[in-house]
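[1] Here is a sequence together with a model predicted from it:
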Amino acid sequence: MIRILNKDAHSRPGGKNCPTSSTQKTKESRWEAPPGLTEKDIRALPGAPILGRPQVDNPSTGQIKASHLLVKHRGSRRPSSWKESTITRTKEEAIAILEQYQREIHAASNKAEKFGQLAREHSDCSSHSADGDLGFFGRNQMQKPFEDAAFALQVKEISGIVSTDSGVHLIMRTA
């Protein structure tokens, strides 16, 4: 099944005869191909460039899947989140928070489960509601430091602290 999730309103699929759905809660748009269409058929559809690169659950596409735990700080490009309307912590404080989460994850018998729990409860990203799951993505779809760290990980491996314009992250590659 091909599934495209666009959180960027400027690249949201839509228009006449485009089978999309969106939810106000997550601000995600979804487009699912009608049964029987091949990848080639989908790329030939009118409006295919608007839909972006299909996210196929297939490692041969060069995509990976990852979850993350984001802690924003006052220097983040958008210093607010679902938890706090104005984030005032310093970058150093954000890093200290992530270091504590790292210790909790590494002490857990099920590291992936603990990572998901911490992301759900504490991540400053809207992906918190999905245990930090960002879905499948390819090269040039994430901020460069995030992309480099995520693609360097093995499946089930968790990164060290990664700093981007969004804040500081722990990343777990899941596929």
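    Perfect, I can see it now. For clarity, every value in this text was computed on a predicted model and none was experimentally measured. Numbers count the residues shown, from 1 in each chain.
[2] hey, let's count contacts and neighbours off CA atoms from now on
    OK.
[3] And the longest helix along the chain, what does it pack against?
    Secondary structure of the chain per DSSP state H: the longest helix is helix 91-107. Under the contact criterion of 3 or more CA pairs under 8 Å, 6 or more residues apart in numbering; DSSP states H and E, helix 91-107 touches strand 64-71, helix 111-122, strand 167-173.
[4] What pairs with the first one, parallel or antiparallel?
    With DSSP bridges as the test, strand 64-71 is paired with strand 133-137 (antiparallel), strand 167-173 (antiparallel).
[5] Tabulate those in JSON lines, adding columns for mean neighbour count.
    Formatted as JSON lines, those follow (neighbours: other CA atoms under 10 Å):
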{"stretch": "strand 133-137", "mean neighbour count": "21"}
{"stretch": "strand 167-173", "mean neighbour count": "25"}
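[6] Just tell me which of these ends up closest to Gln100.
    strand 167-173 (11.4 Å; CA to CA).
[7] ok, back up a step: now render the helices and strands packed on helix 91-107 as CSV, adding distance to Pro145 and mean pLDDT.
    Putting the helices and strands packed on helix 91-107 into CSV (distance: least, CA to CA, whole Å; pLDDT from 0 to 100) gives the following:
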stretch, distance to Pro145, mean pLDDT
strand 64-71, 13, 97
helix 111-122, 19, 97
strand 167-173, 10, 97
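[8] Can I get these in JSON lines including distance to Lys83?
    Putting these into JSON lines (distance: least, CA to CA, whole Å) gives the following:
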{"stretch": "strand 64-71", "distance to Lys83": "11"}
{"stretch": "helix 111-122", "distance to Lys83": "8"}
{"stretch": "strand 167-173", "distance to Lys83": "15"}
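[9] nearest to Glu99, of the ones you listed?
    strand 167-173 (9.3 Å).
[10] Could you check how far Thr174 is from Gly116?
    11 Å (CA to CA, to the nearest Å).
[11] Pick out whichever of the two has more residues nearby.
    Gly116 (23 against 20; other CA atoms under 10 Å).
[12] contacting residues around that one?
    67, 131-132 (CA atoms under 8 Å, 6 or more residues apart in numbering).
[13] between Thr174 and Gly116, what contacts are shared?
    In contact with both Thr174 and Gly116: Ser67, using CA under 8 Å, 6+ apart.
[14] right, and the helices and strands packed on helix 91-107 - which one's nearest Ala94?
    strand 64-71 (5.8 Å).
[15] Please enumerate residues in contact with that closest one?
    Against strand 64-71 from outside (CA under 8 Å, 6+ apart): 94-95, 97-98, 115-116, 118-119, 122-125, 128, 131-138, 150-151, 167-175.
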